[in-house]
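1. Provided below are the primary sequence and the corresponding predicted coordinates.
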Amino acid sequence: MAIAKDTTESAATYSPNRFLSRYRELLGTGPVPIEPFISPDYFARERATIFRHCWLNIGRVEQLPKPGDFFTKELEVCDANVLVLRGRDGQLRAFHNVCQHRGNRLVWEQHGNCGSHVSCRYHGWSYDTTGALALATDAENFWNLQPAAHHLAPIAVDTWKGFIFINLEPTPAEPLREYLGELAELLDDYPFEQLTTCFAYSVRERANWKIAATSQEEGYHVPYIHHQSHGRAIYSDKRGNYRSIDIQLFGRHHRILTSPNLDFQPSAVEKIAGMHTAGFVDAFAENGAAAKTESQRSIPGYYSFFPNFHLLALQGNYLAYNFWPLTVNETLWEIRAFYPEPKTIGERFALEYGRSAARDIVSEDIPLHEAIQSSLRAGAISHFTFHDEETCCRHTMKLVDDYVNGAA
Amino acid sequence: MMNPLPAEFADLEPFIGWALESERERNAKRYATEMIDIQRFHDAMVARAEAAIAYLDRKGFENLDPADRELLNMLLSLAEVAPAVTFYNSPQVSGGVDPKRVVPG
């Protein structure tokens, strides 16, 4: 496969502070206080102003291929348990997973197929797949029961490229596609629908969700903490400094375009895996000759959708991260990697190597997140000082602050 | 209970203990094995991996018998130990989190 060199600028011409020079009016250049990572009051405001207000990714359509298929998801940060259900009519709907008789949790399984109805195990009330009350048991012994008044409580739901998003505002401020904006358009050509084999991990981290999320939004750390793993395959300049191709902000969202290290020496197993799928370098490469459009050429990169949904969109596979706040000091980091369904043993082998490598790479990050949280709680550092390659971290902190302070 | 490997891969029999069905089992065995033994398994499998992949692909996913499945699971164990050999020169992720906290699913 022909791999184009970093085409935007040669390493020699990277000028200092090239991103903050572009974005300093929006983001400022100063130190960022650590209060947002440790303050219970700030966390309470995040819950109210961000997580009950923004579109949140909670799954993919492949989880619900057939009528009656459902999954449930506990969203601690929203105090909600969400039921996502594909109706008998094929329509995707989301509801609070709550029986409208006495408020019991309606569905207790994490996923399954409900057939034509879901029934509450408390008193047997039953709802059809549109959420309408189909049966109230012993109905004549309720005083003037109006079934229409007991519809499941709906939650706004929509999809983009097969990703399911919900919004807990009764009337979302804007439609999903508008919310995702220009950054989503840049992924219009990405073949998410062909990458349907998923492996998933989750880890409960003793760290604020923004420590976990912003740690992934910069490449400055890659040659250091990841020098043994994928740091080998990522471009750094002659002095060993990570240099992105570009960092681009799009409203609430942003992306980082990363170059491969063209001098990367794959190991024996990486060579075998690379014969059957996009290897480390191919995955990050701008595939010059084969790319059909400019947008395909510039796709491989890290896409952050505010507030907590990130996509590492590579050639041949992608990773999806969701950072779910549990408490001010605790986060559930969900990690999903998506591949084409393996058709051969070689592809199956390559997928398994991708899985063990990705799992081990995130395992390198987690202890740092927890150490940082502990340092912040100790009061041992008052501010973060962000590098130019950490401009997306600065952007995320500014966005959060704008929401929390009513300026978004 | 372990099955014998396909006859043409009988040379890999000493490593049959790596023929494990699940990622959790393969990861646990990696963490429980000395690096010198991981390296021996890795080197033996790397030498035979392309032949094993070609052999299994000739049969196809649908037609694997129990002996073939053992060989496939050994290939998946090679993928499991590859970071130990290539990245860390150690069974563990250097400075990494307890692997039991990174939960599949």
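-> Received it, and whenever you're ready, just let me know what you need. Residues are numbered from 1 along each chain as shown, chains lettered A, B, ... in the order given.

2. Residue ranges in the chain under the pLDDT threshold?
-> Since you didn't name a chain, this refers to chain A. A:1-13, A:278-297 (pLDDT under 70).

3. My question was about chain B, not that one.
-> B:1.

4. how about the strands in it?
-> In chain B, the strands defined using DSSP state E lie at B:103-104.

5. Show the residue spans covered by the helices in it.
-> B:23-32, B:35-59, B:66-83 (DSSP state H).

6. So which of these is the most surrounded?
-> The highest mean neighbour count among those, using mean count of other Cβ atoms under 10 Å in any protein chain shown, belongs to helix B:66-83: a mean of 22. For the C-beta atoms, the positions are set from N, CA and C on the backbone; glycine is no exception.

7. circling back: so which of the helices of chain B is nearest residue A:160?
-> Of all the helices of chain B, helix B:23-32 sits nearest to residue A:160, with 30.2 Å by Cβ to Cβ.

8. Mind giving me the packing neighbours of the closest one?
-> helix A:345-377, helix B:66-83 (3 or more Cβ pairs under 8 Å, 6 or more residues apart in numbering or on different chains; DSSP states H and E).

9. Any chance of those helices in TSV with distance to residue A:146 as columns?
-> Below are these laid out as TSV (distance: least, Cβ to Cβ, whole Å):
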stretch	distance to residue A:146
helix A:345-377	50
helix B:66-83	57
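
10. so which of those gets nearest residue B:92?
-> Closest to residue B:92 of these, according to Cβ to Cβ: helix A:345-377, at 9.1 Å.

11. what residue is smack in the middle of chain A?
-> residue A:309 (2.4 Å; Cα atoms, centre = their mean).

12. care to break chain A down by domain?
-> A:11-53+A:181-404, A:56-171 (automatic domain parsing).

13. Quick check: residues of chain B near chain A?
-> Contact residues (Cβ under 8 Å from any Cβ of the partner chain) of chain B with chain A: B:23, B:27, B:42, B:46, B:49-50, B:53, B:56-57, B:61, B:72, B:75-76, B:78-80, B:82-83, B:85-88, B:93-97, B:99, B:101-105.

14. How is the closest residue to the residue nearest to the centre of chain A other than its chain neighbours assigned, secondary-structure-wise?
-> Nearest non-adjacent residue to residue A:309, counting by Cβ to Cβ, 6 or more residues apart in numbering or on different chains: residue A:57, 4.2 Å away. Here residue A:57 is strand, with the state taken from DSSP: H, G, I helix; E, B strand; the rest coil.

15. quick one: residue A:57 and residue A:321 touch, right?
-> No: using Cβ atoms under 8 Å as the test, residue A:57 is too far from residue A:321 to be in contact (9.9 Å).

16. what touches both of these two?
-> Counting by Cβ atoms under 8 Å, 6 or more residues apart in numbering or on different chains, the residues touching both residue A:57 and residue A:321 are residue A:309.

17. Can you name the residues in contact with stretch B:44-64?
-> A:268-269, A:272, A:276, A:344-346, A:348-349, B:6, B:8-9, B:11-12, B:14-15, B:68, B:71-72, B:74-75, B:77-78.

18. Show me the helices in the stretch 201-350 of chain A, by range?
-> All helices of the stretch 201-350 of chain A, identified by DSSP state H, counting those that start in this stretch, fall at A:209-215, A:222-225, A:268-274, A:280-284, A:294-297, A:345-377.

19. Any chance of CSV for these, columns distance to chain B and mean neighbour count?
-> Formatted as CSV, the helices of the stretch 201-350 of chain A follow (distance: least, Cβ to the nearest Cβ, whole Å; neighbours: other Cβ atoms under 10 Å in any protein chain shown):
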stretch, distance to chain B, mean neighbour count
helix A:209-215, 12, 25
helix A:222-225, 8, 16
helix A:268-274, 4, 21
helix A:280-284, 11, 22
helix A:294-297, 29, 14
helix A:345-377, 4, 21
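
20. okay, the ones you listed in CSV with distance to residue A:251 next?
-> Shown next, in CSV, are the helices of the stretch 201-350 of chain A (distance: least, Cβ to Cβ, whole Å):
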stretch, distance to residue A:251
helix A:209-215, 17
helix A:222-225, 26
helix A:268-274, 37
helix A:280-284, 25
helix A:294-297, 18
helix A:345-377, 27
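
21. contacting residues for the most far-flung residue of chain B relative to its centre?
-> Of all residues in chain B, residue B:95 has its C-alpha farthest from the mean position, at 23.3 Å, by Cα atoms, centre = their mean. Residues near residue B:95 by Cβ under 8 Å, 6+ apart: A:225, A:364, A:367.
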